[in-house]
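# Make a model of this:
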Amino acid sequence: MKLSPGQRRRTSQASRIAERRRLVAMTGAAAALAVLAGACIVIALAVRRPAASSAAQPSLRVAYSPESQALLGELLAEFNKTHPKSSSGKAIQIELVPTWPDQMARSAVAGEVQAVCPDSSIWLGDIDAAWSEQAGNTGPLVGETVRFAISPVVIAMRQEVAGSLGYPGKRIGWTDIIDRARSDSQFSWSHPSTSSASGLLATLAEFYAGAGKTRGLTVEDATAEATLKYVAAVEATVKHYGEGELATVEQQLAGGDQRLDAFVVQEQLVVYYNSRSEDKLVAVYPAEGTLWEDHPLALLELPGLSPEAREAFAAFAAFLKGDQAQAIVLHQGYRPADLSIPLDSQGSPLVAANGVDPRQPETVLQVPSSAVINVVRDVWWYTKRHTNVILVADTSGSMDGSKLEAARQALAAFLDSIKGDQERVGLVEFSTSIVRVIPLAELSQNRQALQVAIQDMEAGGDTALLDAVSNAYSQLQELGDQERINAIVVMTDGRENASRTRLSQLVTRIKDGNSRGVPIVIFCIAYGHDADRNVLSTIAKASGGQVRGGDVGSIQDLYKIISTYF
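Numbering: from 1, shown residues only. The predicted structure is shown next:
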């Protein structure tokens, strides 16, 4: 439903409530479709579960999306203040476990949690699909579901950039993004990979726009040549992808060389950003329509589910729907599920000063069936902006033992995370000098060679870090590919002590090459306590990249995180 500006001004509170009621009903129906039809489990980031406590077992363990931590943490704290008890008189104790979507499905099926709270209902189908794949399981695992907060997916845009595109007088859409990126080589924007809710929902919105529809997207629509051409045109303008919307917001708040003109997030995070920065964002609700993150809490109908767990779920679900919890939801910048609460009530952060418009979005897209969602996720690997990425791996003597084995597993996990065979990946292995180079090529041609090289790595020698980075940088600059994302992923556990290249020379070369030649972003992993973070930070900063710290236990997770950028 599209309204003129005059009609929008005359829209009453009652009509807005009706629209929100339709949204809640629609998302509930979409979740049911996902449960019935099932969905493929996506590759996402791994979050390790905290070690078990010696304290009494909780009444209910809930796996939740880490990006909702602030909201759920406050809600649980207030719930605990009510001193909830079960029918037997025992105190109800709920434990929140931060879990990303792929691990959420595994944890649910393994019975490690009794309830889930992802940021979107689109992930509930993954849980039922994983459940049905186990021999002997019949029926859905996802049971009673309660939605307590919703937030539309928007394009967060720098205020001055939005103004240059005609905001607020003009409705901005995906076509405007394409046109701006093509006319301005300095324009940079991003959306997360489809392993995150906002990334997947934004991608679905692109497919809807390409098909020229707002409801009933079919597999045929999603795979039509015109649709794929449109989505590919949008994706070709992406600077890079990323591990999630909150991580992107935090990077933007930190400033530095990673500044983006626009990026996809849920509306709530625009409020979050503007409450912490003088450099304001505005929420652009795509003219072609958008979808919502609907934050469901769902009980898992596990065999032998205890009465205490059911009672704990019922008590927490009832609290989430109550006045106190819904006020907290609104205070944190989400839209309450309670449709009687005006979004423009006194004290609401959903105001123009925070860059958002509670009257938007004008056009709400229908969540398609899980069959269509699966196709979109698969097809995205072919329509997304492709990558040239070189892995630079330290195999100096200090890597011997468990460090090298963990690094092998992490590099292998990185390759496994890159599902599209059209991505180009190369390898530079170094110690005292460059030990081995696997030339950059599409994974359809060199995936096996990379896997073999990774398994054959042996530790020994010194650390010629700068020479190795310089070699990888030369390869990408000589290739001169402006169409793809160009990146280097560097991992070292030690300090530079064998290179002919000096740090100042390398930094100057990176800055000059990125401004005059092909932009190349460098991600650095400081592996262990002995890694020289100052050198790695200097290299990463010169390219607009990032530096992360890791150890034997976290190195695989770090490589999985970085893989989402490509």
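
# All the strands of the stretch 301-450 of the chain, residue numbers only.
Assigned strands in the stretch 301-450 of the chain, in chain order: 335-336, 387-394, 424-430, 434-442 (criterion: DSSP state E, counting those that start in this stretch).

# Could you dump these into a markdown table with distance to residue 155 and mean neighbour count added?
Heads up, the C-betas are built off the backbone N, CA and C, glycines and all. Listed next are the strands of the stretch 301-450 of the chain as a markdown table, based on distance: least, Cβ to Cβ, whole Å; neighbours: other Cβ atoms under 10 Å:
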| stretch | distance to residue 155 | mean neighbour count |
| --- | --- | --- |
| strand 335-336 | 18 | 25 |
| strand 387-394 | 22 | 25 |
| strand 424-430 | 29 | 23 |
| strand 434-442 | 31 | 16 |
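
# Can you read off the pLDDT for residue 4?
At residue 4, the pLDDT value in this model is 42.

# cool, and residue 159?
Per-residue confidence (pLDDT) for residue 159: 96.

# hmm, back to that, out of the strands of the stretch 301-450 of the chain, flag the one nearest residue 244.
Judged by Cβ to Cβ, the one of the strands of the stretch 301-450 of the chain that comes nearest to residue 244 is strand 387-394, at 18.5 Å.

# quick one: strands adjacent to that closest one?
Applying DSSP bridges to the sheet, strand 387-394 is found paired with strand 424-430 (parallel), strand 485-492 (parallel).

# tell me the angle of the shortest one relative to strand 434-442?
Using axes from the mean of the first three to the mean of the last three Cα atoms, to 10 degrees, the direction of strand 424-430 lies 180 degrees away from that of strand 434-442.

# pLDDT of strand 424-430, averaged?
Average pLDDT, strand 424-430: 98.

# And that strand, how far out from the chain middle?
26 Å (Cα atoms, centre = their mean, to the nearest Å).

# ok, now stretch 474-487?
Distance, stretch centre to chain centre, for stretch 474-487: 25 Å (Cα atoms, centre = their mean).

# Need the strands paired with strand 387-394 in a markdown table (columns: distance to residue 221).
As requested, these are exported to a markdown table (distance: least, Cβ to Cβ, whole Å):
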| stretch | distance to residue 221 |
| --- | --- |
| strand 424-430 | 30 |
| strand 485-492 | 27 |
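
# nearest to residue 278, of these?
In terms of Cβ to Cβ, the element of these nearest to residue 278 is strand 485-492, at 30.5 Å.

# now the closest one, how far from the chain's geometric center?
With Cα atoms, centre = their mean as the basis, strand 485-492 stands 20 Å off its chain's centre.

# what do you get for stretch 111-121?
How far stretch 111-121 lies from its chain's middle: 17 Å, per Cα atoms, centre = their mean.

# Of all the residues in that stretch, which ones are buried?
Judged by neighbour count using 16 or more other Cβ atoms under 10 Å, the buried positions of stretch 111-121 are 113-121.

# Can you redo the strands of the stretch 301-450 of the chain as CSV, where the extra columns are distance to residue 566?
Shown next, in CSV, are these (distance: least, Cβ to Cβ, whole Å):
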stretch, distance to residue 566
strand 335-336, 33
strand 387-394, 4
strand 424-430, 9
strand 434-442, 13
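
# hang on, the earlier thing: of all the strands paired with strand 387-394, which lies closest to residue 346?
For residue 346, the closest of those is strand 485-492, at 45.7 Å, according to Cβ to Cβ.

# Next secondary structure element downstream of that closest one?
Scanning forward in sequence from strand 485-492 by DSSP states H and E, the next helix or strand is helix 503-516.

# now the angle between strand 485-492 and that next one, please.
Using the same axes, to 10 degrees, helix 503-516 lies at 160 degrees relative to strand 485-492.

# what does the helix or strand that helix 503-516 is followed by rub up against?
Remark: after helix 503-516, the chain's next helix or strand is strand 521-527, criterion DSSP H and E. Strand 521-527 has contacts (Cβ atoms under 8 Å, 6 or more residues apart in numbering) with 240, 394, 403, 407, 469, 473, 485-493, 510, 532-533, 536-537, 539-540, 542-551, 555, 558-559, 562, 565.

# If anything else comes up later, I'll come back, but that's it for now.
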